[in-house]
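K.L.:
What would the 3D arrangement of this be:
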Amino acid sequence: MPYAEFAIPRLSNTPFDPKAVSATDEAWLKRMGLQTSDPRGSGWLIGGSTYVSLTWSNLPERASRIGVDLLTSMGIFDDICDQVIIGPQQIRDYLAPVFALTWDPDDSTADHENPLARTFVDLWSRASSGRSDHWRRRAQGHWREFLNGWIIQADWRESGTRPNLYTFWEARRQVLGVRVMLDYLEAACGYEIDPRVINHLTIRRLCDLSVDVVFLVNDTFSYEREKHFQEANNFLMVLERERNWSLDQAVGECQRLVREAYREFHRLRSSLRQIAVMPGYCGEKEWEQLEHYIGMWHDIMRGNYDWHLFMFELRERYCGNDFEGLNYLEQVLPLASNRAIAVDSARS
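P.N.:
Numbers count the residues shown, from 1 in each chain. Just a heads-up that it's a prediction; the model follows:
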């Protein structure tokens with residue numbers, strides 16, 4: 001990993017205690033078909049419980065549980081679509097059951113024996129109960145963006161396309177799944193932001209700034225790992241390629257962009273009450289809910305950074321040669337698709 005410090009203020013001065021983190025629910029992972037007999041399986045390697053604890057330490061228990069389970073399942077999507085199933089048609093076939101559910105999450109004919117579909121249905125039912133049609137359409141659309149991001153990147157990989165600074169940006173925003181995560185946390189915290197507020201340009205800008213900080217930090221920490229796997233969909237690599245920059249210059253640009261994005265986020269967040277983002281009929285309760293919602297978007301910027309530092313120090317992820325860290329997928333892959341795609345195929 002290139003050494004880089006990012007100018008994002010700490011969320012707490014209390015030292016992080018990994019022993020205090022609730023373990024990922026191994027029984028849930030096994031019910032979904034996402035866990036192996038390995039005690040250091042997907043939940044440990046992906047670190048969803050650590051991520052949530054570092055980022056949103058004061059969430060209600062229900063929201064925290066959904067957050068951990070969703071992050072763990074998204075991490076499995078990441079490993080499968082980024083390192084194991086390489087071809088775009090394979091990825092389309094693999095994700096097809098979940099894509100279908102994003103159009104009709106309540107489809108009773110869905111293949112619940114498919115671990116990915118089963119996981120989607122479980123998380124959706126826990127988050128969407130009592131939500132409006134607008135929330136459901138919004139969350140479904142964000143799921144499709146998330147899944148589509150992997151297909152776009154697979155198409156680039158197969159065709160040899162090297163994304164430029166313009167084509168890269170939005171696809172990278174999508175593939176992180178941050179918007180899905182915040183949809184689910186909003187619902188699990190027991191409120192729903194008014195559609196006119198969610199679609200206000202200022203709120204949309206705040207969300208985009210947060211996502212940008214997350215992916216810029218992620219791409220800095222994952223640079224060596226992705227270079228080892230001969231990936232090209234990394235912002236540092238795009239800068240090296242497009243601008244003929246050194247790695248140090250590319251890291252410096254990431255630091256600058258993160259610094260400026262955080263400053264703009266802070267400025268916009270501080271001025272929300274002076275901007276007409278809330279309909280006139282909304283009262284103090286709605287303002288408090290909006291401020292909590294934007295607060296979660298704020299906290300993920302630093303929490304994501306802290307999680308990368310923590311996981312890299314453990315050498316659990318973002319190591320140069322860590323195919324061993326993908327071994328748990330040998331149990332997930334044959335169950336989740338009609339064809340057995342072994343991890344060994346990614347080594348060839």
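K.L.:
quick one, longest helix in the protein?
P.N.:
Longest among the helix segments of the chain by residue count, using DSSP state H, is helix 284-314.
K.L.:
Name the residues of that one that come out as buried.
P.N.:
Applying a neighbour-count criterion of 16 or more other C-beta atoms under 10 Å, the buried positions in helix 284-314 are 286, 289-290, 293-294, 296-312. Placement of C-beta: from N, CA and C, glycine included.
K.L.:
Give the other helices and strands that it contacts.
P.N.:
Judged by 3 or more C-beta pairs under 8 Å, 6 or more residues apart in numbering; DSSP states H and E, the packing partners of helix 284-314 are helix 48-55, helix 178-188, helix 201-221, helix 247-270.
K.L.:
could these be laid out in TSV, adding distance to Tyr94 and mean neighbour count?
P.N.:
Supplementary listing: the helices and strands packed on helix 284-314 in TSV, determined by distance: least, C-beta to C-beta, whole Å; neighbours: other C-beta atoms under 10 Å:
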stretch	distance to Tyr94	mean neighbour count
helix 48-55	21	24
helix 178-188	18	23
helix 201-221	23	20
helix 247-270	31	16
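K.L.:
Distance to Trp124 and mean pLDDT for those helices - can I get that in CSV?
P.N.:
Shown next, in CSV, are the helices and strands packed on helix 284-314 (distance: least, C-beta to C-beta, whole Å; pLDDT from 0 to 100):
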stretch, distance to Trp124, mean pLDDT
helix 48-55, 17, 86
helix 178-188, 9, 96
helix 201-221, 21, 95
helix 247-270, 29, 96
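K.L.:
Select, out of those, the one closest to Cys282.
P.N.:
helix 201-221 (13.3 Å; C-beta to C-beta).
K.L.:
Extract the CA atoms of the following helix or strand past that closest one and return them as CSV.
P.N.:
Per DSSP states H and E, the first helix or strand lying C-terminal to helix 201-221 is helix 223-228. Output of helix 223-228 as CSV, limited to C-alpha atoms (Å, rounded to 0.1, in the frame of the first residue of the first chain):
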residue,chain,number,x,y,z
TYR,A,223,-3.4,-0.2,-5.1
GLU,A,224,-0.7,-2.9,-4.5
ARG,A,225,-3.3,-5.7,-4.3
GLU,A,226,-5.0,-4.7,-7.6
LYS,A,227,-1.7,-4.1,-9.3
HIS,A,228,-0.7,-7.7,-8.3
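K.L.:
Now do helix 223-228: which elements does it pack against?
P.N.:
With contacts taken as 3+ C-beta pairs under 8 Å, 6+ apart, helix 223-228 sits against helix 235-243.
K.L.:
Only the buried residues of the helix it packs on, if you could.
P.N.:
Using 16+ other C-beta under 10 Å as the test for burial, helix 235-243 gives 235-240.
K.L.:
Just give me how far that helix sits from the chain centre.
P.N.:
In terms of C-alpha atoms, centre = their mean, to the nearest Å, the centre of helix 235-243 is set 22 Å apart from its chain centre.
K.L.:
what do you get for stretch 267-277?
P.N.:
Put simply, stretch 267-277 sits 26 Å off its chain's centre (C-alpha atoms, centre = their mean).
K.L.:
Can you get me the start-to-end distance on that stretch?
P.N.:
Stretch 267-277 has an end-to-end distance of 15 Å (criterion: C-alpha to C-alpha, to the nearest Å).
K.L.:
Repeat that for stretch 169-181.
P.N.:
19 Å.
K.L.:
what sits against Val52?
P.N.:
Val52 makes contact with 59, 64, 67-68, 71, according to C-beta atoms under 8 Å, 6 or more residues apart in numbering.
K.L.:
List just the nearest of those to Val197.
P.N.:
Using C-beta to C-beta, those come closest to Val197 at Leu59, 21.1 Å.
K.L.:
In terms of helices and strands, where is the residue lying closest to that closest one once chain neighbours are set aside?
P.N.:
For Leu59, ignoring the flanking residues on the chain, the nearest one in space by C-beta to C-beta, 6 or more residues apart in numbering is Gly67 at 6.7 Å. Secondary structure from DSSP H and E places Gly67 in helix 61-79.
K.L.:
elements contacting that helix?
P.N.:
Helix 61-79 packs on helix 26-32, helix 42-46, helix 48-55, helix 115-128, helix 133-159, helix 178-188, helix 329-336, going by 3+ C-beta pairs under 8 Å, 6+ apart.
K.L.:
Check which element follows that helix along the chain.
P.N.:
Immediately after helix 61-79, counting by DSSP H and E, sits helix 88-103.
K.L.:
for that next one, which positions count as buried?
P.N.:
So, applying 16+ other C-beta under 10 Å, buried residues of helix 88-103: 88, 90-92, 94-102.
K.L.:
Of the contacts of Val52 - the most surrounded one?
P.N.:
Val68 (26 neighbours; other C-beta atoms under 10 Å).
K.L.:
how far away is that one from Thr102?
P.N.:
From Val68 across to Thr102, the span is 22 Å (C-beta to C-beta, to the nearest Å).
K.L.:
Same question for Gln89.
P.N.:
Gln89 is 19 Å from Thr102, where distance means C-beta to C-beta.
K.L.:
again, but for Ala187
P.N.:
16 Å.
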